[in-house]
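Novice: Fold the following, please.
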Amino acid sequence: MNDLVLIVEDDPRSLKLTRDVLQFAGFRTLEAETGESAIATAKEHRPDVILMDIHLPGIDGVETMRALRADPATANTHMIAVTAGRLD
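Specialist: Numbering: from 1, shown residues only. Model prediction:
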């Protein structure tokens, strides 16, 4: 497997767990801790999938996904929203 996954997560323990599980399963991974860095990383590396934490410092995950969808370079990237918190 050679799929590239961008993990967008600001909690170091959650980031490490997600990275370790994905790498063990054979995925290559990239990491970003903010929405701004996720946008830059996605444009530069064109991952196959983005795992996006919803609660991020600065631009939250929802706004980050909107920005990525609005950019033709990243509009077709598969994105999965992830959160450990409540969404109400």
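Novice: Please go through the chain and pick out the longest helix.
Specialist: For the chain, the helix with the greatest residue count under DSSP state H is helix 12-24.
Novice: where does R86 land on pLDDT?
Specialist: We have a pLDDT of 58 for R86.
Novice: cool, and A40?
Specialist: For A40, pLDDT reads 97.
Novice: Check the one 4 residues further on too.
Specialist: Among the per-residue scores, E44 shows a pLDDT of 97.
Novice: can you tell me which helix or strand it belongs to?
Specialist: E44 is located in helix 35-45, with elements delineated by DSSP states H and E.
Novice: any idea how far that helix is from the chain center?
Specialist: Centroid separation for helix 35-45 versus its chain: 9 Å, with Cα atoms, centre = their mean, to the nearest Å.
Novice: what's it in contact with?
Specialist: 4, 6, 8, 30, 32, 47, 50, 52, 56, 58-61, 63-64, 67-68, 71, 73-74, 77 (Cβ atoms under 8 Å, 6 or more residues apart in numbering). Any C-beta I mention is one placed from the backbone N, CA and C, and that applies to glycine too.
Novice: Apply 6 Å and report the result again.
Specialist: 6, 8, 30, 32, 56, 58-59, 64, 67-68, 73-74 (Cβ atoms under 6 Å, 6 or more residues apart in numbering).
Novice: top of the residues you listed by neighbour count?
Specialist: V8 (29 neighbours; other Cβ atoms under 10 Å).
Novice: ok, for it, nearest residue in space, not its chain neighbours?
Specialist: A38 (4.3 Å; Cβ to Cβ, 6 or more residues apart in numbering).
Novice: returning to what we had before: can you tell me which one of the contacts of helix 35-45 carries the smallest pLDDT value?
Specialist: Lowest pLDDT of the contacts of helix 35-45: G58, 90.
Novice: gap between the nearest residue to that one once chain neighbours are set aside and D20?
Specialist: Leaving aside its chain neighbours, G58 sits nearest to T34 (5.1 Å; criterion: Cβ to Cβ, 6+ apart). Distance, T34 to D20, using Cβ to Cβ, to the nearest Å: 21 Å.
Novice: who's more crowded, those two?
Specialist: T34 (17 against 11).
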